[in-house]
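# Output the structure for:
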Amino acid sequence: MSSIKIECIVKDKNGIGESPVWEEKAGSLLYVDITGQKVCRWNEATKQVKMLHLDAPIGSVVPWKSGGYVLAMDKRFAFLDWEKEMVTDIATVDQDKKNNRFNDGKVDPAGRFFAGTMAMETRPAEVERAQGSVYSLQTDHSVVKHFDKVDISNGLDWSLDHKIFYYIDTLSFKVDAFDYDMQTGQISNRRTVYKLEKEEALPDGQCIDVEGKLWVACYNGGRVIRIDPETGKRIQTVKLPVDKTTSCCFGGKDYSELYVTSAADGMDEEWQRRQPQAGGIFKITGLGVKGVPPNSYAG
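Residues are numbered from 1 along each chain as shown. Below is the predicted model of the structure:
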């Protein structure tokens, strides 16, 4: 696979870059820096990044059908008017857990915004376990709690036929699947589809391609792996020049480019010297497979 090319397109050091989403109309990549408390947009034509600083950690951002975005930040879902730089709260979760925050999230094929929580890191990668839950913001702005006892709620996506919900709880070291009912948004029958190898480290964000295979970013593993959820086998590994790869999404004009976010938090000076691009955003081309356009929140 010598045609694969990896390029660092954003050299800014994100504390924890996450939640990349391709915006087709604007030709831009939307993502967040969780600990930097920023929502960012990288424009493919100008190569410029616009940033909006907010007042709390932002776990994920998704496009909103009505224009603007929806955030899972701190312990609340909120609308973001990008032009007016205005955040409007919708709903709060985990009110009994003052140390929690939202992490990764994504919109399902029916327009609901799924996102999960976790306890804040006391030190990098050290979290109080089983404190998180997985929620969905329904299109009527109500919130449904799907399950709890989550360590670090992370990557999520849906199968091409919308009958399976794929989900990662990072400290379980595996990718799970649930049966998914698109009419109701209910999930059931949890099972494991892939268990990570030791050198793959921690599973973080994930996305699906047009062949129904999953791409998983491996935190501390410096790679994205492509897995077949039906056979439970890894098909491909793409190594990156940074260890803390956090998430990935397909984008570009025909969704043939894989964008990968990364983190710099928790790296000492020596580590950062060895990996000067840590915290940057990467674009991988030449994979020979395309991704699926993202869904927008329909509320």
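
# Show me the helices in this structure, by range?
Secondary structure of the chain (DSSP state H): helices at 269-274.

# so where's it uncertain?
Where the chain drops to pLDDT under 70, the residues are 1-2, 123-125.

# Once you drop chain neighbours, what's closest to Gly155?
Nearest residue to Gly155, sequence neighbours excluded (C-beta to C-beta, 6 or more residues apart in numbering): Gln206, at 3.3 Å. For every residue, glycine as well, the C-beta is placed using N, CA and C.

# That neighbour reaches Asp157, doesn't it?
Yes. In this structure, Gln206 is within contact of Asp157 by C-beta atoms under 8 Å, at 5.8 Å.

# how close does the nearest residue to Val216 once chain neighbours are set aside sit to Phe113?
Spatial nearest neighbour of Val216, chain neighbours left out: Gln206 (4.5 Å); criterion: C-beta to C-beta, 6+ apart. As defined by C-beta to C-beta, to the nearest Å, Gln206 lies at a distance of 17 Å from Phe113.

# re earlier: quickly list what's touching both of Gln206 and Asp157.
Tyr166, Leu214 (C-beta atoms under 8 Å, 6 or more residues apart in numbering).

# of these two, who's got more company?
Legend: neighbour count by other C-beta atoms under 10 Å for Gln206 and Asp157, higher for Gln206 (25 against 22).

# tell me the contacts of that one?
Counted by C-beta under 8 Å, 6+ apart, Gln206 has contacts 154-157, 166, 168, 175, 214-217, 247-248.

# switch to 7 Å and redo it
Shown in contact with Gln206 (C-beta atoms under 7 Å, 6 or more residues apart in numbering): Gly155, Asp157, Tyr166, Ile168, Val175, Leu214, Trp215, Val216.

# Likewise for Thr170?
Thr170 neighbours (C-beta under 7 Å, 6+ apart): Asp151, Ile152, Asn154, Leu202, Pro203, Asp204, Tyr219.

# just Asn189 next, same as before
Contact analysis of Asn189 by C-beta under 7 Å, 6+ apart lists Phe178, Asp179.

# one more time with 10 Å, if that's ok
When contacts are counted by C-beta atoms under 10 Å, 6 or more residues apart in numbering, Asn189 touches Ile164, Ala177, Phe178, Asp179, Tyr180.

# cool, Val216 as well?
For Val216, counting by C-beta under 10 Å, 6+ apart, the contacting residues are 154-155, 166, 168, 175, 194, 196, 200, 202-207, 223-227, 234, 245, 247-248.

# Of these, just the buried ones, ChimeraX syntax please.
To isolate the buried ones among the contacts of Val216 in ChimeraX, judged by 16 or more other C-beta atoms under 10 Å, type:
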select :154,155,166,168,175,194,196,200,202,203,204,205,206,207,223,224,225,226,227,245,247,248
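
# what's the neighbour count on Pro109?
15.

# cool, and Thr88?
If you count neighbours by other C-beta under 10 Å, Thr88 ends up with 10.

# Who are the contact partners of it?
With C-beta under 10 Å, 6+ apart, Thr88 has these contacts: Gly68, Leu71, Ala78, Phe79, Leu80, Asp81.

# Tell me the bridge partners for the fourth one.
Per DSSP bridges, residues listed as beta-bridge partners of Phe79: Val70, Thr88.

# My read is that it contacts Pro63, right?
No. Applying C-beta atoms under 10 Å as the test, Phe79 and Pro63 come out as separate, 11.6 Å apart.

# Common neighbours of the two, please.
Common contact partners of Phe79 and Pro63 (C-beta under 10 Å, 6+ apart): Tyr69, Val70, Tyr297.

# Please tell me how far the first one sits from Ile284.
Distance of Tyr69 to Ile284, given as C-beta to C-beta: 25 Å.

# Can you name the residues that contact Ser133?
Ser133 is in contact with 93-94, 97, 100, 115-118, 145-150, 153, counting by C-beta under 10 Å, 6+ apart.

# where's the strand ranked longest in the chain relative to the chain centroid, distance-wise?
As assigned by DSSP state E, the longest strand anywhere in the chain is strand 186-195. With C-alpha atoms, centre = their mean, to the nearest Å as the basis, strand 186-195 stands 18 Å off its chain's centre.

# in its sheet, what does that strand sit against?
Applying DSSP bridges, strand 186-195 is found paired with strand 174-181 (antiparallel).
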